[in-house]
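Trainee: compute the structure for the input listed below.
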Amino acid sequence: MTAPPIEIGSLLKYIVENKDIKSNLNIDQTCTINAGDPKPLIKIINYLINYLNQISEGVIDISLKDQSDGCLLCFIISTNNNQLPPISNNLNNALKTFNAAMRIVFEEGKYAQILINFCDGHVPDQVIIEV
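Mentor: Numbers count the residues shown, from 1 in each chain. The predicted structure follows:
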């Protein structure tokens with residue numbers, strides 16, 4: 001018996017509502033992944049939200065889009081910070097269990113963006129940070 005797919009959009013709404021996060025949501029409800037237990041994914045998303053809240057007091061824009069090769073989850077915040085705090089090295093392995101890869105884009109004093117691509121194919125070995 002296989003586990004039902006994880007509806008990422010519903011999961012995001014649940015987290016945002018329960019954490020009372022200031023956010024703008026733009027969610028494609030058709031995004032699902034076949035990954036079994038959603039609890040590790042909830043932990044990953046909570047970690048990333050807490051990480052972004054370290055560098056911004058503002059609203060987090062969260063979008064989820066269905067793509068031909070999977071789903072793209074994007075978090076973006078504005079920030080006055082000149083550098084990013086260290087990010088956990090455990091994220092790579094945690095994301096691989098969901099066939100996902102993460103990319104961080106940061107422009108000093110302007111914004112930080114975290115992109116997670118839930119892939120149907122090959123997943124890169126490490127987090128990519130663009131500064």
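Trainee: from now on I want contacts and neighbour counts done on CA atoms only, so please keep to that.
Mentor: Will do.
Trainee: what sits up against stretch 13-33?
Mentor: Applying C-alpha atoms under 8 Å, 6 or more residues apart in numbering, the external contacts of stretch 13-33 come out as 5-10, 42, 46, 58-66, 70-71, 98, 118.
Trainee: kindly supply the ChimeraX command isolating those of the residues you listed that are buried.
Mentor: Filtering the contacts of stretch 13-33 down to the buried ones (16 or more other C-alpha atoms under 10 Å) takes a single ChimeraX command:
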select :6,7,8,9,10,42,46,60,61,62,63,64,65,66,70,71,98,118
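Trainee: the contacts of stretch 13-33 in helices, which ones?
Mentor: Mapping the contacts of stretch 13-33 onto helices (DSSP state H) picks out 8, 9, 10, 42, 46.
Trainee: give me the three-state assignment for the nearest residue to the third one once chain neighbours are set aside.
Mentor: The shortest distance from residue 10 to any residue other than its chain neighbours is 7.4 Å, reached at residue 29 (C-alpha to C-alpha, 6 or more residues apart in numbering). The three-state assignment at residue 29 reads coil, by DSSP: H, G, I helix; E, B strand; the rest coil.
Trainee: where does pLDDT dip in this structure?
Mentor: The chain contains residues with pLDDT under 70 at 1-2, 121-131.
Trainee: now with 80?
Mentor: By pLDDT under 80, the low-scoring segments of the chain are 1-3, 35-36, 57, 68-69, 120-131.
Trainee: for it, just list every one of the strands.
Mentor: Along the chain, the stretches classed as strands by DSSP state E are 6-7, 23-27, 32-33, 60-67, 70-78, 100-107, 111-119, 128-130.
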